[in-house]
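**Student:** Give the three-dimensional model of this entry:
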Amino acid sequence: MSNEQPGGVDQSGGWIHRVLVVGGGTMGFGIAWVSAVAGLEVSLVELDQSRREALTGAIADRAAKHVARNPGGATVAELMSAVTVLDAIPTGTDGVIDVAVEAVPERLYLKREVLAGLAALQPRLLGSNTSSIGISELAKDLPAPANLVGLHFFNPVWAMPLLEVVRQPETPEPVLTDAQTFAVCLDKEVITVADLPGFATSRLGVALGLEAMRMLQDGVASAADIDRAMELGYRHPMGPLRLTDLVGLDVRLDIARTLQRAYGDRFAPPQILIDLVAAGHLGHKTGRGFHDWSTS
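**Tutor:** This is a model prediction of the structure:
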């Protein structure tokens with residue numbers, strides 16, 4: 001199923017019109033983009049001025065690629081006009097925002113701060129794109145903590161069909177239904193998981209990625225050969241080190257540390273990961289990680 005096919009809100013998702021995403025990084029941009037392709041009105045909040053300025057070009061580039069693959073559908077201008085980039089969470093929009101999603105870095109205090117601001121807008125569906133932090137931890141200070149759900153998207157959001165919906169034990173069924181409806185609106189396949197650190201996907205994926213890093217650190221094989229082993233030997237579409245580069249080494253380090261606190265040292269980040277992040281080599285977005293991306 002393609003996630004860049006012209007969408008729109010079907011009857012089951014007819015309540016979804018306006019989406020607010022906070023965080024203009026890789027994931028926030030992706031969530032905003034697929035929402036726009038689905039025919040929704042999107043506001044994307046990014047506090048950093050340089051990132052805000054870069055988002056205009058990123059939206060234009062993605063719109064041009066989409067139109068080239070889907071002739072006869074929405075135009076570049078129409079797609080670009082569907083996304084409004086803001087420098088702060090808007091105020092005075094109670095009842096106007098249907099879905100609000102935070103997609104800021106994996107810092108508990110930061111996510112809580114953003115979620116508090118979003119909850120004040122009273123969206124029908126409030127979600128966090130966290131990939132490892134417990135939803136109940138994020139929801140503690142919210143006025144209706146049980147109504148927060150995890151909406152864990154995957155990178156690149158427009159190409160990856162999965163949406164991991166994380167429910168708390170007290171999550172009301174209507175809230176879970178709304179999360180699943182939002183997923184359908186965005187042409188995503190849903191798995192629903194319990195609120196435990198790392199959920200299903202991060203816990204498995206990070207475990208594999210960390211072991212691949214330890215193998216590289218121990219000199220077992222090159223990064224290219226470790227990745228090729230999983231691609232050819234186990235039919236993974238992408239090796240664990242290349243995937244880490246795409247996700248971001250800083251993001252993987254944050255997740256590993258969260259899982260280490262929850263499950264112990266089996267999730268301790270290898271020194272090679274710590275050193276690369278300290279040196280500013282964060283993967284694809286900086287041109288270098290476990291692989292060289294400078295020419296791609």
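
**Student:** hey, let's count contacts and neighbours off CA atoms from now on
**Tutor:** Noted.

**Student:** Name the residues that touch the biggest helix by length in the chain?
**Tutor:** The longest helix of the chain (DSSP state H) is helix 49-69. Helix 49-69 is contacted from outside by 4, 24-25, 29, 33, 46, 73-76, 79-80, 85-87, using CA atoms under 8 Å, 6 or more residues apart in numbering.

**Student:** Give me the nearest residue to residue 92, chain neighbours excluded.
**Tutor:** Closest residue in space to residue 92, ignoring its immediate chain neighbours: residue 121 at 7.5 Å, by CA to CA, 6 or more residues apart in numbering.

**Student:** helix/strand/coil for the one you found?
**Tutor:** Following DSSP: H, G, I helix; E, B strand; the rest coil, residue 121 is assigned to coil.

**Student:** can I assume it is in contact with residue 99?
**Tutor:** No - between residue 121 and residue 99 there is no contact, the gap being 10.1 Å when judged by CA atoms under 8 Å.

**Student:** higher neighbour count, those two?
**Tutor:** Each of residue 121 and residue 99 has its neighbours counted (other CA atoms under 10 Å); residue 99 has more, 23 against 20.

**Student:** wait, isn't the more buried one in contact with residue 122?
**Tutor:** No - between residue 99 and residue 122 there is no contact, the gap being 9.4 Å when judged by CA under 8 Å.

**Student:** Pull the most distant pair out of the contacts of helix 49-69.
**Tutor:** 73 and 87 (30.1 Å; CA to CA).

**Student:** so where's the stretch 1-150 of the chain shaky on pLDDT?
**Tutor:** 1-12, 93-95 (pLDDT under 70).

**Student:** Which residue ranges of it form strands?
**Tutor:** 18-22, 41-45, 83-86, 99-102, 125-128, 148-152 (DSSP state E, counting those that start in this stretch).

**Student:** I'd like those laid out as TSV, including distance to residue 218.
**Tutor:** Below are those laid out as TSV (distance: least, CA to CA, whole Å):
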stretch	distance to residue 218
strand 18-22	39
strand 41-45	42
strand 83-86	45
strand 99-102	38
strand 125-128	36
strand 148-152	32
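
**Student:** on that earlier part again, just the buried ones from the contacts of helix 49-69?
**Tutor:** Buried positions within the contacts of helix 49-69, assessed by neighbour count (16 or more other CA atoms under 10 Å), are 4, 24, 29, 33, 46, 74, 75, 76, 79, 80, 85, 86.
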